[in-house]
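K.L.:
Generate coordinates for the sequence data below:
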Amino acid sequence: NGNFNGQYLPGRHTEGNDILMDQSVPVDQLGNEFVVVKGSGSIIDKMEKAIVVATEPGTAIYLNDSTAPIAILANAGDYYVIDQNHYVDRTNFHFNMHIKTNKNVYVYQLLGGIEVSDTPRATGAMNYIPPLNCYFPKKVGEISSINKMSENDPDDRFVTKLNIITLKGAVVKVNGAVPNSFYGPFDISTIPANQTWVTYSIPEVEGNITVTSTKAVTAGISGGNDNSGYAGYFAGFTVIPQILKIEGECMPDVKLAVTEGFDYY
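P.N.:
From the prediction side, this is the model:
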């Protein structure tokens with residue numbers, strides 16, 4: 001879904017077009033609760049947005065801690081663009097947004113890949129955002145050469161930021177180390193009952209990256225250089241585990257396992 005030569009800021013960045021595309025998924029894999037973490041664009045530059053697409057009539061959209069919908073989509077296929085002003089500043093240059101709907105929807109995040117000093121750049125990208133799910137895997141690994149587009153790129157060509165979403169209370173590690181507390185965890189709500197997920201943002205990551213958590217976790221990246229921007233998202237979708245045969249050929253000497261995220265099945 002998307003546009004291979006897209007531009008979503010009419011009247012600004014008129015010379016910058018981007019690849020704004022990401023995957024689609026079956027409707028039965030959708031959900032109604034999401035968290036997005038701001039990419040690398042400035043809030044005031046209007047590069048950071050989200051698109052909500054209805055799959056059923058009468059879809060109400062709620063943002064952050066509001067009990068009143070910001071919009072009600074009348075028909076399946078209708079959409080609403082959430083602008084950058086609805087991101088919440090959680091301190092330490094970290095912005096996130098909590099999206100809930102009364103019916104299952106598609107959510108796509110529009111985000112900036114890089115911000116260069118005080119000069120706005122058209123470095124847009126688009127990520128499909130999966131719904132929050134306690135059956136996400138506990139590991140995202142590995143993201144190889146996270147700051148490179150090809151193996152010959154120098155390490156300093158692209159500046160890349162890693163965003164992480166996990167369940168509250170989880171112990172998160174990036175390449176085996178707990179992130180500096182400056183980078184998270186950050187709450188997604190001021191209401192305790194809504195505060196079940198937390199977010200992290202780690203700037204200027206390089207090399208091969210593996211993210212682990214003691215609870216369900218998902219991650220995304222944003223990056224760029226000059227007028228080039230890119231983004232990506234890494235997550236699982238299904239709540240039914242794959243059953244794997246890991247040892248033996250015939251009963252009773254066969255050992256089975258299930259995919260990560262399940263204690264038993």
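K.L.:
what about residue 5, how many neighbours?
P.N.:
8 (other Cβ atoms under 10 Å). Glycine gets a C-beta too; all of them are placed from N, C-alpha and C.
K.L.:
wait, I meant residue 147
P.N.:
Residues lying near residue 147 (other Cβ under 10 Å) number 23.
K.L.:
name the element it belongs to?
P.N.:
Element membership for residue 147 (DSSP states H and E) is empty, with no helix or strand holding it.
K.L.:
which ones are touching it?
P.N.:
Residues counted as contacts of residue 147 (Cβ atoms under 8 Å, 6 or more residues apart in numbering) are 153, 155, 157, 158, 159, 160, 205, 206, 207, 223.
K.L.:
Give me the pLDDT for the residue lying closest to it once chain neighbours are set aside.
P.N.:
Nearest residue to residue 147, sequence neighbours excluded (Cβ to Cβ, 6 or more residues apart in numbering): residue 160, at 4.2 Å. Looking at residue 160, its pLDDT is 92.
K.L.:
C-terminal to the helix or strand harbouring residue 160, which secondary structure element comes first?
P.N.:
Using DSSP H and E, residue 160 falls within strand 159-167. Sequence-wise, the next helix or strand downstream of strand 159-167 (DSSP H and E) is strand 172-174.
K.L.:
what's the offset of that following strand from the middle of its chain?
P.N.:
The chain centre lies 16 Å from the centre of strand 172-174; the measure is Cα atoms, centre = their mean, to the nearest Å.
K.L.:
after it, next one along is what?
P.N.:
strand 186-187.
K.L.:
tell me the angle the following helix or strand past that following strand makes with strand 159-167.
P.N.:
Moving toward the C-terminus from strand 186-187, the first helix or strand encountered (DSSP H and E) is strand 197-202. Here strand 197-202 points in a direction 160 degrees away from that of strand 159-167 (axes from the mean of the first three to the mean of the last three Cα atoms, to 10 degrees).
K.L.:
Packing partners of strand 197-202?
P.N.:
Based on contacts counted as 3 or more Cβ pairs under 8 Å, 6 or more residues apart in numbering; DSSP states H and E, the elements that strand 197-202 packs against are strand 31-37, strand 159-167, strand 186-187.
K.L.:
Which residues does it contact?
P.N.:
With Cβ under 8 Å, 6+ apart as the contact definition, strand 197-202 has outside contacts at 35, 37-38, 90, 93-94, 96, 132, 161-168, 170, 172, 174, 179, 183-188.
K.L.:
same thing but at 6 Å, please
P.N.:
With contacts defined as Cβ atoms under 6 Å, 6 or more residues apart in numbering, strand 197-202 is touched by 35, 37, 94, 96, 162-165, 168, 179, 183-186, 188.
K.L.:
So for it, mean pLDDT?
P.N.:
Mean pLDDT, taken over the full extent of strand 197-202, equals 97.
K.L.:
Same question for stretch 63-77.
P.N.:
Averaging pLDDT residue by residue across stretch 63-77 gives 97.
K.L.:
Would you list the phi and psi of the spatially most central residue of the chain?
P.N.:
Nearest to the geometric centre of the chain sits residue 220, at 4.7 Å (Cα atoms, centre = their mean). The phi and psi values for residue 220, taken as degrees, to the nearest 10, are phi -140, psi 160.
K.L.:
looking at it, it is touching residue 230, isn't it?
P.N.:
No. Using Cβ atoms under 6 Å, residue 220 is not in contact with residue 230; the gap is 11.3 Å.
K.L.:
anything in contact with each of these two?
P.N.:
Among the neighbours of residue 220, none is also in contact with residue 230 (Cβ under 6 Å, 6+ apart).
K.L.:
can you tell me the average pLDDT over stretch 243-259?
P.N.:
According to the model, stretch 243-259 has a mean pLDDT of 83.
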